[in-house]
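S.K.: I need the structure of the sequence given here:
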Amino acid sequence: MLRTFYLTISLNRSLMDFTTTLADLIMSALKLFIHDHGSKGDQSLLKTITFAITHFTVAFTVAYLLTGDIIVGCLIAMVEPAINTVAYFFHEKMWARHLGNARGARNSLPDNHPSTC
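M.R.: Prediction:
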C-alpha cells in the first residue's frame, strides 16, 4: 500500500515536471516570434497565448475537481483547450479582417456626395 502511494506521488511529480518543461519549451520557442509579431501591431498571437493559459488552467481545475485525479485532470485539460485555442486564433484573424473591411467601407465616400469639410 505504501509502495503504491509513493509510486503515485512519483508519477504526479513526473507529470508536473513534464508539463512545466513542455510549457517552458513552447514559451521559449515562441518568444522571438511573439516579440516580432507584436511589434507590428497585431496582438492576436499574444491574445491567443494568454487565452490558452487561462483556458488550460480553468479546464484542469474543473476536471481535477470533478475527478479528484491529477492525471485525469491533466489529460482532459490537454485536449479541449488545445483545439479551442487553435480555433480562437483563427477567429481573431477573421474578426480583424471583418473590422478592417468595415472600416474601409465607412471611410470611402461615394463621388456624388460632397464632403462637409
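S.K.: hey, let's count contacts and neighbours off CA atoms from now on
M.R.: OK.
S.K.: Which parts of this structure are helices?
M.R.: Listed from the start of the chain, the chain has helices (DSSP state H) covering 2-39, 44-67, 70-107.
S.K.: which secondary structure elements does the second one contact?
M.R.: When you say that, I think you mean helix 44-67. For helix 44-67, the elements it packs on are helix 2-39, helix 70-107, judged by 3 or more Cα pairs under 8 Å, 6 or more residues apart in numbering; DSSP states H and E.
S.K.: Check these for me: which has the lowest mean pLDDT.
M.R.: Between the helices and strands packed on helix 44-67, the one with the least mean pLDDT is helix 2-39; it has a mean of 62.
S.K.: Return the set of buried residues in stretch 69-89.
M.R.: In terms of neighbour count (16 or more other Cα atoms under 10 Å), stretch 69-89 has its buried residues at I70, I71, G73, C74, I76, A77, P81, T85, Y88, F89.
S.K.: Take the residues you listed and lay them out in JSON lines including distance to A59.
M.R.: Rendered in JSON lines, the data for the buried residues of stretch 69-89 read as follows (distance: Cα to Cα, whole Å):
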{"residue": "I70", "distance to A59": "12"}
{"residue": "I71", "distance to A59": "13"}
{"residue": "G73", "distance to A59": "8"}
{"residue": "C74", "distance to A59": "9"}
{"residue": "I76", "distance to A59": "7"}
{"residue": "A77", "distance to A59": "5"}
{"residue": "P81", "distance to A59": "7"}
{"residue": "T85", "distance to A59": "12"}
{"residue": "Y88", "distance to A59": "16"}
{"residue": "F89", "distance to A59": "18"}
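S.K.: now, which of those residues sits nearest A63?
M.R.: Compare each of these with A63 using Cα to Cα and the shortest gap goes to G73, at 4.6 Å.
S.K.: is it true that that closest one touches V58?
M.R.: No. The pair G73 / V58 is not scored as a contact, 10.5 Å apart, by Cα atoms under 8 Å.
S.K.: Nearest residue to F60 in space, ignoring adjacent ones along the chain?
M.R.: For F60, ignoring the flanking residues on the chain, the nearest one in space by Cα to Cα, 6 or more residues apart in numbering is A77 at 4.8 Å.
S.K.: Enumerate every residue touching that neighbour.
M.R.: Shown here is A77, whose contacts under the criterion Cα atoms under 8 Å, 6 or more residues apart in numbering are F56, T57, A59, F60, A63.
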